[in-house]
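Chemist: Take this sequence and fold it.
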Amino acid sequence: MEFNDNYGVYVCPHVFNKESPALVGIRDPEGDWQFFCDDEDCPENSEPHLIGVGHLTKADPTINELTCLKPGSFAQKIHANADWEYGEFE
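Modeler: The predicted structure is shown next:
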């Protein structure tokens, strides 16, 4: 399954400005999608941007693998070419 390119997702400023790849994908408990860089403080200390997910999947087609995430779960990579590792929020 793949994301619709126009589907809206939230990204941190580093991903929005193409300063970092999306290394963390979150599907929050309400079902919204969020993608962040590898900076742990970024989600708490920055203003998210709403974009079409197609901007992300063009740069990293493996983001389409995350369509399997259920609300309240996440995936992360240690670097851009690594495999996604999955988990759930407690």
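Chemist: hey, where'd the strands end up in the chain?
Modeler: Assigned by DSSP state E, the strands in the chain fall at 8-11, 24-27, 33-36, 49-52, 73-76, 85-88.
Chemist: Least confident secondary structure element in this structure?
Modeler: When the helices and strands of the chain are scored by mean pLDDT, DSSP states H and E, helix 42-45 comes last with a mean of 78.
Chemist: so what does that helix touch, helix or strand wise?
Modeler: strand 33-36 (3 or more Cβ pairs under 8 Å, 6 or more residues apart in numbering; DSSP states H and E). Backbone N, C-alpha and C define where each C-beta goes, glycine included.
Chemist: what sits up against stretch 11-29?
Modeler: For stretch 11-29, contacts defined as Cβ atoms under 8 Å, 6 or more residues apart in numbering pick out 33-39, 42-43, 46-49, 51, 56, 59-60, 63, 66, 69-80, 84, 89.
Chemist: Just the buried residues of the residues you listed.
Modeler: 33-38, 42, 46, 48, 51, 56, 60, 63, 66, 69, 73-77, 84 (16 or more other Cβ atoms under 10 Å).
Chemist: Dump the strands of the chain into JSON lines; add mean pLDDT and distance to residue 1 as well.
Modeler: As requested, the strands of the chain are arranged in JSON lines below (pLDDT from 0 to 100; distance: least, Cβ to Cβ, whole Å):
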{"stretch": "strand 8-11", "mean pLDDT": "96", "distance to residue 1": "15"}
{"stretch": "strand 24-27", "mean pLDDT": "96", "distance to residue 1": "14"}
{"stretch": "strand 33-36", "mean pLDDT": "95", "distance to residue 1": "14"}
{"stretch": "strand 49-52", "mean pLDDT": "96", "distance to residue 1": "17"}
{"stretch": "strand 73-76", "mean pLDDT": "97", "distance to residue 1": "14"}
{"stretch": "strand 85-88", "mean pLDDT": "96", "distance to residue 1": "15"}
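Chemist: got those as JSON lines, with distance to residue 2 columns?
Modeler: Shown next, in JSON lines, are these (distance: least, Cβ to Cβ, whole Å):
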{"stretch": "strand 8-11", "distance to residue 2": "13"}
{"stretch": "strand 24-27", "distance to residue 2": "14"}
{"stretch": "strand 33-36", "distance to residue 2": "13"}
{"stretch": "strand 49-52", "distance to residue 2": "13"}
{"stretch": "strand 73-76", "distance to residue 2": "15"}
{"stretch": "strand 85-88", "distance to residue 2": "18"}
